[in-house]
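[1] compute the structure for the input listed below.
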Amino acid sequence: MLAKILVSQPKPQTEKSPYYEVAKKYDIDLVFRPFIKIEPMAAKDFRQQKVSIPGHTAVVFTSRHAIDHFFGLCKELRVTIPDNMKYFCVSEQVSLYIQKYVQYRKRKNFFPESGLLTDLIPIMVKHHTEKYFIPQSSAHTDDMHRMLEEAGLEHNEAVMYYTVANDFAPDEAFDYNMLVFFSPEGIHSLVKNFPDFKQGDVKVACLGAKTIKAAEEAGIHVDFQPTPELRSVPAIIEAYAKTL
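    Modelled structure (predicted):
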C-alpha cells in the first residue's frame with residue numbers, strides 16, 4: 001500500500017463509492033473511522049430546556065441525525081406531530097429522509113437546490129408567517145440563530161441530541177499517513193484521544209472554514225482543503241496520492 005488514510009466518517013454504504021475507485025487506482029488503504037458519535041437525549045433533559053414543540057407550524061432540519069432524534073424524542077414525549085406540519089431542510093437528501101417517519105408530500109417539504117443553509121433562509125422568509133422549531137446538536141454553532149434573527153423569523157431552538165468524542169481503544173493502531181476531518185468536533189476528538197499527537201509528516205485535510213480554524217488553533221497544519229479544482233474528498237485524496 002502506498003498510504004494509509006483515515007477518513008473520519010462512516011463507511012460508504014455502496015461499493016461504487018468514488019472513495020473505493022481512488023483507493024483501488026492508487027493502492028491506498030482507506031480506513032473509515034468517525035472521530036465523533038451521536039447520542040440521544042433523554043426526555044427529562046429535553047424538558048429542562050422548557051421548549052414546547054406543539055404550537056410550532058414548521059420544523060427545520062439540517063441533517064438526518066436531527067430528523068431521527070426529533071421524531072424519536074417526540075415519540076418518547078408523546079407529542080403528536082400534526083399532518084399539516086411543514087418541513088424546511090438544508091438539502092433534498094435530508095428532505096427525502098423524512099419519509100422514514102411521515103408520508104412525504106412535496107407541498108409540505110422545502111429545500112434549496114444548492115444544499116446550502118444560506119439558500120434555505122430565503123425560502124423560509126417566503127413563509128414568514130410560520131413558527132419555526134429547530135432541533136440541534138449539543139455541538140451546534142450560532143449561525144442558524146443569527147440568520148433567523150436577521151431575517152426576522154419567529155423561531156425556537158432546542159438541543160435534541162449530543163455530539164461527543166468517539167474514543168479510541170488504548171491498543172488501537174494510529175499509524176496513518178493522512179487524516180481527513182469534516183467538523184471542528186472531529187479535531188477536538190483527535191486532541192482528546194491523542195493529547196500528545198505530533199503531526200510530523202502526517203498530512204491533514206479539512207472541510208469547512210470552522211474545521212480549518214479548529215485545526216490551526218490546535219497547532220495542526222492543514223495541507224488540503226476544498227478548492228474549485230478539488231471539490232470532493234475523493235478528489236483531495238487523489239491529489240495527495242499523486243504526490244507519493
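[2] and the strands in this structure, which stretches?
    In the chain, the strands defined using DSSP state E lie at 3-7, 28-32, 36-40, 58-61, 86-89, 109-110, 132-137, 155-165, 178-181, 203-206.
[3] which other helices and strands contact the fifth one?
    This points to strand 86-89. Under the contact definition 3 or more C-beta pairs under 8 Å, 6 or more residues apart in numbering; DSSP states H and E, strand 86-89 sits against strand 58-61, strand 109-110, helix 117-125. No exception for glycine: its C-beta is placed from N, CA and C like everyone else's.
[4] same thing with the shortest one?
    Based on contacts counted as 3+ C-beta pairs under 8 Å, 6+ apart, the elements that strand 109-110 packs against are strand 86-89, helix 117-125.
[5] out of these, which one sits most buried?
    strand 86-89 (a mean of 22; mean count of other C-beta atoms under 10 Å).
[6] any idea how far Lys192 is from the residue nearest the centre of the chain?
    The residue lying closest to the centre of the chain (C-alpha atoms, centre = their mean) is Ser63, at 6.4 Å. For Ser63, the distance to Lys192 equals 22 Å [C-beta to C-beta, to the nearest Å].
[7] next, the contact list for the nearest residue to Thr62 once chain neighbours are set aside, please.
    Counting by C-beta to C-beta, 6 or more residues apart in numbering, Thr62 lies nearest to Val90, which is 4.8 Å off, once chain neighbours are set aside. By C-beta atoms under 8 Å, 6 or more residues apart in numbering, the contact set of Val90 is Phe61, Thr62, Ser63, Phe111, Pro112, Gly115, Leu116, Leu117, Leu120.
[8] pLDDT at Val90, what is it?
    pLDDT for Val90: 90.
[9] name the nearest residue to the residue nearest to the centre of the chain, sequence neighbours excluded.
    Distances taken as C-beta to C-beta, 6+ apart place Val94 nearest to Ser63, at 6.4 Å, with adjacent residues excluded.
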